[in-house]
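A.B. asks: Here is a sequence together with a model predicted from it:
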Amino acid sequence: DEVTVDLAYSTVEVERPPGANRAYLFAPSAPSTRGGTAIPVEDDRWVVTLFGLHGDHPPTDPAGVGAFADSLPTDDLVSLLDDHEWRTTDVAHYPFPSSLRRRYEAVQRFPEGLLVTGDAVASFNPVYGQGMSVAALDALALHDALAGGRDGLGARFFGRVGDVADVVWRMTVGADFEFAATTGPKPRGTDLFNRYVARVVDTAQENGYVSDRFARVLRLEHPPTSLLAPGVLWRVLAPTGLVGDA
């Protein structure tokens, strides 16, 4: 399966004061195709990445990067770029045309002694930052599959990996289909789930319980179905003012 998003992102590194450990994430939300993130990393740095979908790509020069950051609905990222020294004036730029899902679990015969994992199984829109988490879950799946011996290893491994990839595929590809320009096979139920997730995100801005549950889903600690648990469902769908922050 291939879902086209025509994404590109530009990345720079800036100085980070000791103790300033806050991270920022501003995901694109239709109709806005732009977003960005700032991640605190070692050596007192922030890695600042700006991204744009469907051809609305960030520039590759420092001035253009600053202007792109200034166009976001919040000034946090442009303030980081303006107020902190850049480690380098080179802008790293990377295009990502489409998400890919290769269904090895459907292959009837697969060479013994060979497996496929990570991005070679499923390559997701990097905006959501879940590719390495999926690769780690693939490694756990391999551990479990090897516990049963090497006979039929491919079928057992790909079955486990397929289950992991399908969950994240529905999440990331479903979010990409908020944009009319996204093309490719749309998972069943995407539009309905997107409308519900939009309410989850709105509720999470003010409700700590929902915010925590939503973050756990994004980090792949809990499955997306956990957002339909009664404790979340009530807080998301209740009329405004009836539910507190707890």
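C.D. replies: Cool, the structure landed.

A.B. asks: Determine how far stretch 194-209 lies from the middle of the whole chain.
C.D. replies: For stretch 194-209, the gap between its own C-alpha mean and the chain's C-alpha mean amounts to 17 Å (Cα atoms, centre = their mean, to the nearest Å).

A.B. asks: Report the buried residues of the longest helix belonging to the chain.
C.D. replies: For the chain, the helix with the greatest residue count under DSSP state H is helix 153-176. Going by neighbour count (16 or more other Cβ atoms under 10 Å), the buried part of helix 153-176 is 153-154, 156-158, 160-162, 164-165, 167-176. Yep, even glycine has a C-beta here, placed from its N, CA and C like the rest.

A.B. asks: Give me the distance from it to the chain's centre.
C.D. replies: On Cα atoms, centre = their mean, the centre of helix 153-176 falls 14 Å from the chain's centre.

A.B. asks: per-domain residue ranges of the protein.
C.D. replies: Domain ranges of the chain: 2-97, 101-177, 190-237, per the TED database.

A.B. asks: what's the closest of those to T183?
C.D. replies: Among the domains of the chain, the nearest to T183 by Cβ to Cβ is domain 2-97 (4.8 Å).

A.B. asks: ends of that closest one, how far apart?
C.D. replies: This stretch, domain 2-97, spans 10 Å end to end (Cα to Cα, to the nearest Å).

A.B. asks: Out of the domains of the chain, which is closest to G184?
C.D. replies: domain 2-97 (3.4 Å).

A.B. asks: and that closest one, how far from the chain's centre?
C.D. replies: Its chain's C-alpha centre and that of domain 2-97 lie 15 Å apart, by Cα atoms, centre = their mean.

A.B. asks: give me the number of residues near the nearest residue to T88 once chain neighbours are set aside?
C.D. replies: Spatial nearest neighbour of T88, chain neighbours left out: E13 (6.1 Å); criterion: Cβ to Cβ, 6 or more residues apart in numbering. Neighbour count for E13, taken as other Cβ atoms under 10 Å: 18.

A.B. asks: So E13 lies in a strand, does it not?
C.D. replies: Yes - note on E13: a strand contains this position according to DSSP: H, G, I helix; E, B strand; the rest coil.

A.B. asks: follow-up on the earlier one: the longest helix of the chain packs against which elements?
C.D. replies: Counting contacts by 3 or more Cβ pairs under 8 Å, 6 or more residues apart in numbering; DSSP states H and E, helix 153-176 packs against strand 2-15, strand 92-101, strand 122-123, helix 131-146, helix 190-204.

A.B. asks: Can you say which of those is packed in most?
C.D. replies: Neighbour counts (mean count of other Cβ atoms under 10 Å) averaged over each of those peak at strand 122-123, with a mean of 23.

A.B. asks: could you list every residue that touches D176?
C.D. replies: Each residue near D176 by Cβ atoms under 8 Å, 6 or more residues apart in numbering is listed here: 3, 5, 53, 99, 125, 182.

A.B. asks: And for the last one, the neighbour number?
C.D. replies: For T182, the tally of surrounding residues (other Cβ under 10 Å) stands at 21.

A.B. asks: And it, what's its pLDDT?
C.D. replies: Per-residue confidence (pLDDT) for T182: 96.

A.B. asks: Without its sequence neighbours, what residue ends up closest to it?
C.D. replies: Leaving aside its chain neighbours, T182 sits nearest to D176 (4.8 Å; criterion: Cβ to Cβ, 6+ apart).
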